[in-house]
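> kindly return the folded structure for what I paste below:
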Amino acid sequence: MLDHVSLKVVDHAAAQAFYDQALAPLGLTRLFSMAGSSGYGDSRPFFWIGQGDKSGYCHVAFTASDRATVDAFHAAALAAGGRDNGPPGLRAHYHPTYYGAFVLDLDGHNIEAVCHAPA
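Next up, the predicted model:
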């Protein structure tokens, strides 16, 4: 079981603005912020970004309650400056109701929202 995930970002202020917007449709907000570090979550921070040298690729998937939320995440992340890495849709090769969307953040990390529930 995971407690938290942390990503290094090259430009903390830009990444913070991106995640403020991209995670809002998932009900996640910035709950903690200090120089060079920010924590996002619902009731407690579990997703962290911190200033640092870019250190490789990372994939993080957030659970969405329904398919419309996956769509909203994708649109918000693109509007915040992310790059499409797989539009919202079924990924039946994972399982028949796997509905996800993928966006590359400002540092190239693959950020996903996924809903496992049927339509």
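
> what about residue 78, how many neighbours?
Here the number of neighbours of residue 78 (other C-beta atoms under 10 Å) works out to 16. Placement of C-beta: from N, CA and C, glycine included.

> what sits against the residue most central in space within the chain?
Nearest to the geometric centre of the chain sits residue 111, at 4.4 Å (C-alpha atoms, centre = their mean). Taking C-beta atoms under 8 Å, 6 or more residues apart in numbering, we find residue 111 in contact with 22, 59-60, 62, 77, 82, 102-105.

> what do you get if the cut-off is 6 Å, keeping everything else the same?
60, 103, 105 (C-beta atoms under 6 Å, 6 or more residues apart in numbering).

> surely it forms part of a strand?
Yes. Counting by DSSP: H, G, I helix; E, B strand; the rest coil, residue 111 is located in a strand.

> in the protein, where's the longest helix?
As assigned by DSSP state H, the longest helix anywhere in the chain is helix 67-79.

> re the thing from before, now the contacts of residue 111 as JSON lines including pLDDT?
Below are the contacts of residue 111 laid out as JSON lines (pLDDT from 0 to 100):
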{"residue": "60", "pLDDT": "95"}
{"residue": "103", "pLDDT": "98"}
{"residue": "105", "pLDDT": "96"}
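
> residue 36: which of those residues is nearest?
The closest of those to residue 36 turns out to be residue 105 (C-beta to C-beta; 16.7 Å).

> report pLDDT for the residue of the chain most remote from its centre.
Most distant residue from the mean C-alpha position of the chain: residue 96, 22.7 Å away (C-alpha atoms, centre = their mean). At residue 96, the pLDDT value in this model is 95.

> that's all I had, so thanks and see you.
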